[in-house]
Structure formats: structure tokens, C-alpha cells
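Colleague: have a look; sequence and predicted model below, questions after that.
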Amino acid sequence: MSARDQVFTGTVTGDVAGRDVVNNIHVVHARPESELQALFLKHTGIDCRREAREQFELLMLEHGFTGKELSRAWRFGSLVWSEPERRLKPSARKTDMAVGWSGTVLMTSVLIFALVDTMNRVPGPFLKPITLLVTCAVYLCVTRALLLTTLFPQATAMRVERILSGDNAC
């Protein structure tokens, strides 16, 4: 008689068999799609259809994207839903990358010019540091906005494109 042919007729006690007994099995009911969409919107800021949400979740779980990165790319049009292909489609444009980098270089050049001009023309010991501080603050705000609206979404879309095309070396 083999072990598979044995019949158990006693009660389950002890450490070995006792841990394998489940008395209460609760079947979790699937959440409605509207609730899943609302939770996804709350956590990521992305309002999209079910198929797109599932692809976004896959990108976050398996490829290390954050909700913030994908949300920014979605809002600024770097990632779009392609209805004929039924998948996310990166719309990374080289012109957007060029505009982003050109704007950053231009803003840095303007900052350097403004700082040199301030050091040479602004009189007084108190007015000069205030002018320099305001100039640097404006530079940081404009450059940050430029990066968040052009370069970062485009870079995210390019990473997604590499993943969706099958080249996972990001």
C-alpha cells in the first residue's frame, strides 16, 4: 500500500496537519470597475479607460515606473491611447525634446547674463543680493516648469516605448 492509497479517518491535531486546515475561507468579490478607476485616479492622477489603466499598472509593477512619472507623461500628451492598436502609444517627439533642451540652455544663458549685469550695474549693498536672489528664484521656477512639462514626460515616454517595443534595457 502506497502513501497515496492511505485513507485518513481520524481527527486533525498537532502542529504539522493543524496548520494546513483552513476553517474560514472568504472569497473576495471583485471590485467594480468604477471603484478601481476611482482608486487609480486617486493614487496616480490618471483618468483613463480600463485597458490603459491595466497597462499603466503593469508598467508600474513590472518595470519600476512611478505613478507621478506616468501621470505627467499622460497629462502632457507624451503617452496616448491608440484605439486601433488597443494599447498605450508613446508620442515622444524629438521636437519637444529639442525645445526643452533649448529652453533650458536659453534660460541658463539669460541667468548668467542677468547675474553678471546685476553685479556690474546694481548699486548698494542691500539691493544687489535681493536682485540676485529674485533672479535665481525666477530662473529655478521657469526651468523647473520647463523640465516638468517637456523633458521629463518625453523621457518617460521614450522609456515606455523601449519597453513596449520589447527592448527592456532601460
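Modeller: Structure's in. What do you need?
Colleague: could I get the full set of strands for this structure?
Modeller: 79-82, 87-90 (DSSP state E).
Colleague: strand partners (parallel or antiparallel) of the last one?
Modeller: What that stands for is strand 87-90. strand 79-82 (antiparallel) (DSSP bridges).
Colleague: from the rest of the structure, what touches the partner strand?
Modeller: Here strand 79-82 makes contact (CB atoms under 8 Å, 6 or more residues apart in numbering) with 48-49, 51-52, 70, 73, 87-91, 153, 156-157, 160. All C-beta atoms are positioned from the backbone trio N, CA, C, and that covers glycine.
Colleague: so among those residues, where is pLDDT lowest?
Modeller: Within the set of the contacts of strand 79-82, pLDDT is lowest for Ser91 (83).
Colleague: please name the residues that touch it.
Modeller: Counted by CB under 8 Å, 6+ apart, Ser91 has contacts Gly77, Ser78, Leu79, Val80, Ala157.
Colleague: and the helices in this protein, which stretches?
Modeller: Along the chain, the segments classed as helices by DSSP state H run 15-18, 33-44, 50-63, 67-75, 94-121, 127-146, 152-164.
Colleague: what's the fourth one packed up against?
Modeller: In other words, helix 67-75. helix 33-44, helix 50-63, helix 152-164 (3 or more CB pairs under 8 Å, 6 or more residues apart in numbering; DSSP states H and E).
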